[in-house]
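Asker: Here's my sequence, what's the structure:
(chains A and B)
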Amino acid sequence: MTGLGVSHRAGDAAVGLALAAGGIALAILAWPIPRGEIGNPGPGFMPFVLGLLLIGLGLVCAIRALREHDTTMVVLANRKSAVCLVALAAAALAFIPVGFVPTVAVFLTVLFGVLAEKPWWRAAIYGCGASVALFVVFEQLLGLGLPAGIWPF
Amino acid sequence: MDSLGYLMDGFAVALTWRNLLLCFVGCLWGTAVGVLPGLGPLAGMALLLPLTFKLDPTGAVIMLAGIFNGAMYGGSTTSILMRIPGEAASVVTCIDGYEMAKRGRAGAALTIAAVGSFVGGTISIIGLMAVGPLLADAMLSVGPAAEFVLMLTALLVVSAVSSSPPVKTLAMIVLGLALGTVGLDQLTAWPRFTFGSLDLTDGLNFVALSIGLFGVSEILLNLDEATPVVPKAPRLRDMLPTAEEIREAAPAVLRGSGIGFLFGLVPGVSHIISTFVSYAVEKKISKTPERFGHGAVAGVAGPETANNATTGASMIPLLVLGIPAIPATAILLSALLIHGVQPGPLLMSEHPQVFWGLIASLYLGNAILVVLNLPLVGIFVSLLRTPMGVLAPLVLVICLIGVYSLKASSLDLMILVAAGVVGYLLRKFSYDVAPLLLAFVLGDRMELSFRRALTISDGDYWVFVQGPAARVFIAVLLLIGTLQLAAMLLGWRRTGAAAP
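Answerer: Prediction:
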């Protein structure tokens, strides 16, 4: 299965470092918020302490990963999961401005075509049909109020 | 009025057509997601959580509890028929359940699992009725310092018994607590990390976060793996166990009920541990331990019963203490909070219809699941024939709808996608994201209790270990945590040796 292959050791260490970086960001962002006193903590106290803890724990995770000699390869985002992720991000962006039916019709067409490997014309029929069916179920029957966007209804 | 009287009132609530239907729909959906490998109770509950916003609190919690119970039942089906656990707690059932299936006893194994789950679930609910009111009375005298200690200890126990290394789990807990600080500070209304966005003043959206971390990441992980083999469903006439199988299963069911109930009271990955311990106990006391790993009936009956007994017992920390012992109950907690119901010692007096209605619906849900699981096993197995290429896009659309329906916010949809990516990466590298969610849910209350306790004590940190309640929580939870850890190691070692 194709995809971005990384060693478990390197990936694990990268996640640890990312957590530490998140901790640094949290501590920096929390710095201007009043921290109060040790016996009377303010709103910035907890986020700042958590930021410091996250830095420490992230570094420990990264060091532990680097000290292990795990040569297992991990496949990150093969073609199908990568397409799925990009399509989901695009659908999330288009969901409200473009509307439910057109967004979901395109989203499902692409994913039925790529993931289920259906011919494009069939994927389009299934995608459009499913988007309308889902609209009827969630909007008309359950009354959830889906975004209309550019769609006339 | 005594517990029995309240329970009758609870049945009056649960037996209305509307609540009965919600319980049935929850059980049906739960069983379906439990059967599908990868989609466990958390994803199933998170996906339907937004639909419950239009319901009253009792209806919402009845439906979600039905999903939770159903997913626990459904997980056993794929374990027995395909040796693929539908959710983590069904891992042990794979060992002997699949061996029974290979010998042509799949139907009997499914029946034993379903009936055992029913008995275990029912006994745990009786325990919940007995223990719940007593514990609630005791909790009324607990102040903010003890409450903070209780929540902190619960999170520490989770880190000790999680499936990932403790340091990784601790990192997830801290990350969850950090994410919980986004929004207006509860005491001073100071905006923290909102970046001027009004959407963020209420904090990060729990639904978007939980669906992203569990639903979206699960789909992405499944797309990275090969499609599993589809099994053949057993015929209805093969579902009845023989007299010998019933004799072997009955005591295992009773022992599994006790083990499951006890472990359900403890925060952590109780379902997984209780099933491993039950398996280890059954093997230890069996006259024919060599049959374990080769289709022993008690190896299916004990763990499956323990699994469902844990489900009922895990409601006690949630409803009585307001603390979700396991991630699935964190979603129940969220649903109750969204409806303005605060679980805790006052729940029984302030919202008796929610508490007792839920208990009664758990009874009914157990009965519905036995009726549902046995005759409809063929239909549930046919769900496995749905290709991931069709299932994944539809589940993702439901994720989008679920998050949008809450606040119609673009930001929440972006949080969903981001949480999906983060959850995918974390899980790829053996980080358990469930503690993150637990910490996120508890974060607000923990910080509030911490600061209130210090205000009351005039900044004296000894307040956290001085009160009798705080000392009791520290001692009891540390003791249980140690016992649970020891039991987990013992259970895993023994079952590990038994696994073929």
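Asker: From here on, just use CA atoms for contacts and neighbour counts.
Answerer: Noted.
Asker: Phi and psi next, for the residue in chain A sticking out farthest from the centre.
Answerer: Here the centre of chain A is the reference, and by C-alpha atoms, centre = their mean the most remote residue is residue A:39, at 38.5 Å. Main-chain dihedrals, residue A:39, degrees, to the nearest 10: phi -90, psi -10.
Asker: hang on, residue A:5 is in a helix, isn't it?
Answerer: No - counting by DSSP: H, G, I helix; E, B strand; the rest coil, residue A:5 falls outside a helix, being strand.
Asker: and it, what does it touch?
Answerer: A:73-76 (C-alpha atoms under 8 Å, 6 or more residues apart in numbering or on different chains).
Asker: which one of those residues has the most neighbours?
Answerer: residue A:76 (20 neighbours; other C-alpha atoms under 10 Å in any protein chain shown).
Asker: Neighbours of the closest residue to chain A within the stretch 301-450 of chain B, how many?
Answerer: Nearest to chain A in the stretch 301-450 of chain B, going by C-alpha to the nearest C-alpha, is residue B:389, at a distance of 4.0 Å. Using other C-alpha under 10 Å, residue B:389 has 19 neighbouring residues.
Asker: isn't it right next to residue A:112, touching?
Answerer: Yes - with contact defined as C-alpha atoms under 8 Å, residue B:389 and residue A:112 form a contacting pair (6.3 Å).
Asker: Look at the residue of the stretch 301-450 of chain B closest to chain A and tell me its secondary structure.
Answerer: Going by three-state DSSP: residue B:389 is helix.
Asker: That one: what's it in contact with?
Answerer: Residues near residue B:389 by C-alpha under 8 Å, 6+ apart: A:111-112, A:114-117.
Asker: Tell me how far the closest residue to residue A:45 other than its chain neighbours lies from chain B.
Answerer: Take residue A:45 and drop its neighbours on the chain: the residue closest to it by C-alpha to C-alpha, 6 or more residues apart in numbering or on different chains is residue A:35, 4.3 Å away. Distance, residue A:35 to chain B, by C-alpha to the nearest C-alpha, to the nearest Å: 11 Å.
Asker: Tell me how many other residues crowd residue A:35.
Answerer: 18.
Asker: Now do the same contact list for it.
Answerer: A:41-45, A:48.
Asker: any idea where the strands of the chain begin and end?
Answerer: Answering for chain A, as no chain was given. A:3-7, A:36-37, A:40-41, A:73-78 (DSSP state E).
Asker: Hmm, no, I was thinking of chain B.
Answerer: All strands of chain B, identified by DSSP E, fall at B:183-184, B:191-192.
Asker: Mean neighbour count, those strands: which tops it?
Answerer: strand B:191-192 (a mean of 22; mean count of other C-alpha atoms under 10 Å in any protein chain shown).
Asker: re the thing from before, hmm, which of the contacts of residue B:389 are the buried ones?
Answerer: A:111-112, A:114-116 (16 or more other C-alpha atoms under 10 Å in any protein chain shown).
Asker: Mind pulling up the pLDDT for the residue of the stretch 301-450 of chain B closest to chain A?
Answerer: At residue B:389, the model reports a pLDDT of 84.
Asker: Residue A:132 now?
Answerer: 92.
Asker: looking at it, it is touching residue A:99, isn't it?
Answerer: No - in this structure residue A:132 lies outside contact range of residue A:99 using C-alpha under 8 Å: 12.0 Å.
Asker: Who has more neighbours out of the two?
Answerer: residue A:99 (19 against 16).
Asker: Domain ranges for chain A, per the record?
Answerer: Chain A breaks down by automatic domain parsing into domains covering A:3-71, A:78-141.
Asker: Tabulate those in TSV, adding columns for distance to residue B:9.
Answerer: Output for the domains of chain A, formatted as TSV (distance: least, C-alpha to C-alpha, whole Å):
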stretch	distance to residue B:9
domain A:3-71	44
domain A:78-141	31
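Asker: Quick check: the residue farthest from the centre of chain A vs residue B:224, distance?
Answerer: 50 Å (C-alpha to C-alpha, to the nearest Å).
Asker: list the contacts for the residue nearest to residue B:396 when sequence neighbours are not counted?
Answerer: Distances taken as C-alpha to C-alpha, 6+ apart put residue B:216 closest to residue B:396, at 6.8 Å, once the chain neighbours are dropped. By C-alpha under 8 Å, 6+ apart, the contact set of residue B:216 is B:396, B:399, B:416-417, B:420-421, B:424.
Asker: can you do 10 Å?
Answerer: A:84-85, A:88, B:43, B:210, B:222, B:392, B:395-396, B:399-400, B:416-424 (C-alpha atoms under 10 Å, 6 or more residues apart in numbering or on different chains).
Asker: swap in residue B:118?
Answerer: Taking C-alpha under 10 Å, 6+ apart, one finds B:73, B:112, B:124, B:253, B:257, B:304-305, B:308-309, B:363, B:365-370 in contact with residue B:118.
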